[in-house]
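Participant: Predicted coordinates and the sequence they were generated for:
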Amino acid sequence: MTLVLVIDADPSVRTAVHDCLEHRGMDALVVDNGAAGIEHFEKLAIDLAIVDIFMPDIDGLEIIRRFSQRTPRVPVIAMSGFLSQDLYATAPDFLRMAGELGAAFCLRKPFRPNQLTAAIDACLGSPLEEAGHDALVMSTGERIGGKPRKALYV
């Protein structure tokens with residue numbers, strides 16, 4: 001069975017993602033902070049990680065960077081509700097940064113269950129085409145990097 005690690009400080013997001021994964025027949029390991037997520041990632045055979053960018057202890061960008069360096073074949077879906085590019089012209093685009101650090105897909109919150117499902121299917125459905133760090137913001141269809149990247153099974 002597929003094991004998905006979900007790291008998000010928001011209990012409502014954790015519950016919604018967990019329920020979506022469970023409905024698809026996947027095992028979900030849900031944690032509320034980056035330190036616990038990193039610990040589980042290093043000890044277990046994780047097939048996919050879903051990581052929020054903004055968390056109180058370790059930010060998601062650092063988590064994505066660590067995961068990408070240690071186990072680049074495990075796809076990561078980044079998610080964030082911060083709309084920097086849309087609302088704040090001078091703020092960085094954190095989802096773009098997540099893609100550059102190794103996230104296979106990025107989801108802008110709020111997202112629909114079918115958008116999460118599409119990201120999961122893309123990450124677990126096809127072999128990696130190349131080792132680049134390209135991503136797609138699912139809620140807008142915006143490509144990050146170059147051509148789309150598909151991730152490998154672990």
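Facilitator: Arrived safely, thanks for sending. Residues are numbered from 1 along each chain as shown.

Participant: Quick check: phi and psi at the closest residue in space to Gln69 that isn't next to it in sequence.
Facilitator: With C-beta to C-beta, 6 or more residues apart in numbering as the criterion, Gln69 has its nearest non-adjacent residue at 7.9 Å, and that residue is Gly102. For every residue, glycine as well, the C-beta is placed using N, CA and C. Reported as degrees, to the nearest 10, the phi and psi values for Gly102 are phi 130, psi 0.

Participant: Just give the number of residues close to Gly102.
Facilitator: With neighbours defined by other C-beta atoms under 10 Å, the count for Gly102 comes to 23.

Participant: What separation is there between it and Asp19?
Facilitator: Distance, Gly102 to Asp19, by C-beta to C-beta, to the nearest Å: 27 Å.

Participant: show me where this protein has strands.
Facilitator: Using DSSP state E, the strands found in the chain span residues 3-7, 27-31, 48-52, 76-80, 105-108, 135-137, 142-144.

Participant: I'd like the average pLDDT over the fifth one.
Facilitator: For strand 105-108, mean pLDDT is 94.

Participant: Ok, the first one next?
Facilitator: Strand 3-7 shows a mean pLDDT of 98 in the predicted model.

Participant: Same check on the third one?
Facilitator: Averaged across strand 48-52, the pLDDT comes to 98.

Participant: Between strand 3-7 and that strand, find me the angle.
Facilitator: Taking axes from the mean of the first three to the mean of the last three C-alpha atoms, to 10 degrees, one finds strand 48-52 and strand 3-7 inclined to each other by 10 degrees.
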